[in-house]
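Next one to model:
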Amino acid sequence: MGTTGCANIVPPQGGPKDSLPPRLVRSSPPDSSTNFRSGRITLEFDEFIDLKDLTRNVLFTPTFENNPRIEVRLRTMNIIFKDSLARNSTYTLNFGNALVDMNESNVLRNFTYIFSTGPVLDSLSLTGNVINAEDGTIDTTLLVLLYRNLADTAVEKERAPYLARLNASGAFRLVNLPAGQYKIYALAESGGRNYLNKTSSFAFLDSAITVAPNRPVPVRLFAYKERSSGSTTGNTSAPVVPVPGAPKGAERRLRLGFISAPLDIGKPITLTADAPFRRIDSAGMQLTDTSFRRLPFSTSLDSTRRILSFNTTLTPGGRYKLILDQNFAEDSLGRKLLKTDTLDVAVKALSEYGAASLRFTGLDTGVAAVLQLVQNGNVVRSAPVVNNQASLELITPADYSLRLLYDRNRNGVWDPGSYPSPKRQPEIAVPLSKTLSVKAGFTNEIELAVPPL
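Sure thing, here's the model as predicted:
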């Protein structure tokens, strides 16, 4: 979609500030024409105009294989078609927020020109909204795609004839549609307008929908991203500091990091390496209490072989020592510690935590649900809802947002959807209205009404 225009146009100076958007004063052929046969549309406005960010704003439906060329000069816009127009079809040219005046960039919002190549203008519409299934938020970068081809593979192989963008509340409206059956999808615009990119957000409806007069029920779509495999993280609740025996810059020494702050109760001790571990010798490691009495433990590596976890049972408020022999490990570069090191380990006390007891009203007891505590968009704690209640102990004092996950497969975590084979909708998480403020040594008791899906 190209644009051309005059350079260095200088609007008249002086007078009151222009606060009004451009106004269409003449169009040829006229707006809402039927039996349209022209290869060009000419639009004249009451002031100098400009077009900004066409790619993100302009939607032409039904879509073109080659978008029309748009030329702007002074007060006039010419739209020149490159493709042949389909017979008996209603076309909608929506400029979104692209059309502005040259003087103050006042936006003529959602300027639309409509015409039909047949004897009538199609006038049916379809409304709905799109919500992110994992957290209930809105992604306004998604496009809604409507297909007359009802095959599941159409969204992968064909350009969607009808498109709509979401507004700030996630709602959409497809207009000037002919009656019939359609398949509907939502798709990240960055992933393309006519194919399924599994790394981008995507949503679908299980079955075809009928567009007809007086359609009573808006469509609701739940978008999801398929998870990438193999992502594993370690305990990152506190800063990682270098192990004393492996100073930064000593390239021939094994370089490790250690979380020196007190551990959360139930969390493992972890060491991180800047290169994958090649060899670990459990005989070269000891975990003791402050009296140097040995304690049992096991070790495990994450999928990157860079995070070494020491799994054991540690007493709340206790203090321990982790003794590492200089030959306890070797990384992929052949580096070892230069001497035996002793690391001091502390565990948080029970008094440093809070608790919560929540009761839900309006929740369908036949649906498995999980309460999620959220910080910075990440689920940090969760608990199953049993008999409309959920309880959590040992909560780190902080403010938490709350979500309710409808856990269809009862595995305790959110699961994305799948398309086209197997075809499976994502699980849905609903944000709750209250914030949970946790204080040390205090139990919150809250009653929450569950919003409808």
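
in the stretch 101-250 of the chain, which spans are helices?
For the stretch 101-250 of the chain, the helices defined by DSSP state H, counting those that start in this stretch cover 154-157.

Run through the strands of it in chain order.
With DSSP state E, counting those that start in this stretch as the criterion, the stretch 101-250 of the chain has strands at 112-116, 124-132, 142-147, 162-165, 171-177, 180-188, 202-204, 209-211, 219-223, 240-242.

Just checking: what are the partner strands of the helix or strand following the last one?
This means strand 240-242. Sequence-wise, the next helix or strand downstream of strand 240-242 (DSSP states H and E) is strand 256-259. If you go by DSSP bridges, strand 256-259 pairs up with strand 240-242 (antiparallel), strand 269-273 (antiparallel).

Report the rounded mean pLDDT for strand 256-259.
Mean pLDDT, computed over strand 256-259, is 89.

Break the chain down into its domains, please.
Domain segmentation of the chain under automatic domain parsing yields 19-116, 124-223, 240-349, 353-449.

What average pLDDT does the shortest one get?
Which is domain 353-449. Mean predicted lDDT for domain 353-449 stands at 94.

Tell me how far the residue nearest to Thr153 when sequence neighbours are not counted lies from Thr127.
The shortest distance from Thr153 to any non-neighbouring residue, by C-beta to C-beta, 6 or more residues apart in numbering, is to Pro420 (6.6 Å). Heads up, the C-betas are built off the backbone N, CA and C, glycines and all. Counting by C-beta to C-beta, to the nearest Å, the gap from Pro420 to Thr127 is 25 Å.

Then Thr443?
45 Å.

The residue lying farthest from the centre of the chain is in what secondary structure piece?
Computed with C-alpha atoms, centre = their mean, the residue of the chain farthest from its C-alpha average is Ser291, at 50.2 Å. Counting by DSSP H and E, there is no helix or strand that carries Ser291.

Got the confidence number for it?
Confidence score, pLDDT, at Ser291: 91.

Would you indicate which residues of stretch 340-352 are buried?
By neighbour count on 16 or more other C-beta atoms under 10 Å, the buried set for stretch 340-352 is 341, 343, 345, 347-348, 352.

Same list (these) but as TSV, adding secondary structure.
Shown next, in TSV, are the buried residues of stretch 340-352 (DSSP: H, G, I helix; E, B strand; the rest coil):
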residue	secondary structure
Asp341	strand
Leu343	strand
Val345	strand
Val347	strand
Lys348	coil
Glu352	helix
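
Closest to Ser298 out of these?
Nearest to Ser298 among these is Val345, at 15.9 Å by C-beta to C-beta.

That closest one touches Thr315, doesn't it?
No: with contact defined as C-beta atoms under 8 Å, Val345 does not count as touching Thr315 (11.4 Å).

Report whether the expected contact of Gln389 with Phe360 is present.
Yes: counting by C-beta under 8 Å, Phe360 is a contact partner of Gln389 at 7.3 Å.

Kindly give the local confidence score, pLDDT, for the closest residue to Gly318 other than its chain neighbours.
Excluding its sequence neighbours, the residue lying closest to Gly318 (C-beta to C-beta, 6+ apart) is Val347, at 5.0 Å. Confidence at Val347, expressed as pLDDT, is 97.

before we move on, the earlier item: can you tell me which of the strands paired with strand 256-259 the model trusts least?
Among the strands paired with strand 256-259, strand 240-242 scores lowest, with a mean of 54.

circling back: between Gln389 and Phe360, which has more neighbouring residues?
Phe360 (20 against 15; other C-beta atoms under 10 Å).

Run through the bridge partners of that one.
Bridge pairing for Phe360 - DSSP bridges - gives Leu448.

From what I see, it and Asn388 are in contact.
Yes: contact status for Phe360 versus Asn388: in contact at 4.9 Å, counting by C-beta under 8 Å.

Run a quick neighbour tally on Arg359.
So Arg359, with other C-beta under 10 Å, has 15 neighbours.

any idea how far it is from Leu24?
With C-beta to C-beta as the criterion, Arg359 and Leu24 are 58 Å apart.

cool, and Leu221?
34 Å.

Between those two, which has more neighbouring residues?
Between Leu221 and Leu24, counted using other C-beta under 10 Å, Leu221 has the larger neighbour count: 21 against 16.

name the element Tyr91 belongs to?
strand 90-94.

helices or strands up against that strand?
In terms of contacts (3 or more C-beta pairs under 8 Å, 6 or more residues apart in numbering; DSSP states H and E), strand 90-94 is packed against strand 59-61, strand 112-116, strand 171-177.

if we look at the second one, which residues are touching it?
Residues outside strand 112-116 that contact it (C-beta atoms under 8 Å, 6 or more residues apart in numbering): 27, 29, 31-36, 41, 43, 79, 88-95, 121-122, 176.

let's see it at 7 Å
With C-beta atoms under 7 Å, 6 or more residues apart in numbering as the test, strand 112-116 has contacts from 27, 29, 31-34, 36, 41, 43, 89-94, 121, 176.

circling back: spell out the secondary structure type for the residue nearest to Thr153.
coil.

From Arg403, how far out is it?
28 Å.

For this structure, give me the ranges with low pLDDT.
Along the chain, segments meeting pLDDT under 70 span 1-16, 190-195, 216, 228-251.

For it, give the strand that spans the most residues.
strand 428-438 (DSSP state E).

so how far is Pro426 from Asn409?
In terms of C-beta to C-beta, Asn409 sits 11 Å off from Pro426.
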